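*Asks:* Here is a sequence with its predicted model. Questions after.
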Amino acid sequence: MYHIQVRYGGAWSQVAGYTGGIFHEIELFDGEFIVQISGKYAHYIQSIVIVTNRGRSITAGQPSGTTFNMYPIHPMAELRFLSGHYHGGLTSIATHWAVLPMAMKGPSD
């Protein structure tokens, strides 16, 4: 896995990492959110698996190295943002989870 880029609404983030490699994309449905991120790492993040509350998933990279698994403690929490580091390729990733109050969710959530 060479890089990561996310989109929120119509706005894309900057690319973090090398800009080469195969492009993978998952678009979330209304009311769908990310509930788990796992993968493998060595010096760099080697692979990543993203799972949604609807059981859909996407996998990118080559699964080799040490396994990591990140998910919220609260059953209604969802991924709110990612952070991490890159030096050429991705060297670390962190997840930040929250339970959104119903007033902050849209009518279809």
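*Replies:* Yep, it's here.
*Asks:* What's the end-to-end length of stretch 56-73?
*Replies:* Length of stretch 56-73, first residue to last, C-alpha to C-alpha, to the nearest Å: 20 Å.
*Asks:* Give me the contact list for it.
*Replies:* 1, 22, 24-26, 32, 35-42, 45-51, 78-79, 94-95, 97 (C-beta atoms under 8 Å, 6 or more residues apart in numbering). In this view, the C-beta of every residue, glycine as well, is placed from N, C-alpha and C.
*Asks:* Make a PyMOL selection of the buried ones in those residues.
*Replies:* Selecting just the buried residues from the contacts of stretch 56-73 in PyMOL takes one command, with 16 or more other C-beta atoms under 10 Å as the test:
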select buried, resi 1+32+35+36+37+38+39+40+41+45+46+47+48+49+50+51+78+79+95+97
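*Asks:* pLDDT weak spots in the chain?
*Replies:* Counting by pLDDT under 70, the chain contains low-confidence ranges at 1, 102-109.
*Asks:* does residue 50 have beta-bridge partners, and which?
*Replies:* Each beta-bridge partner of residue 50 is listed here: residue 37, residue 58, as defined by DSSP bridges.
*Asks:* ok, it touching residue 37?
*Replies:* Yes - when contacts are counted by C-beta atoms under 8 Å, residue 50 is listed as touching residue 37 (5.6 Å).
*Asks:* one step back: looking at the contacts of stretch 56-73, which are in helices?
*Replies:* With helices defined by DSSP state H, no entry of those lies inside them.
*Asks:* Select from the contacts of stretch 56-73 every entry located in strands.
*Replies:* Secondary structure from DSSP state E places 35-41, 45-51, 78-79, 94-95, 97 of the contacts of stretch 56-73 in strands.
*Asks:* List the residues that contact residue 35.
*Replies:* Residue 35 is in contact with 51, 52, 53, 71, 72, 77, 78, 79, counting by C-beta under 8 Å, 6+ apart.
*Asks:* residue contacts, the third one?
*Replies:* Think residue 53. Taking C-beta under 8 Å, 6+ apart as the criterion, residue 53 is in contact with 32, 33, 34, 35, 78.
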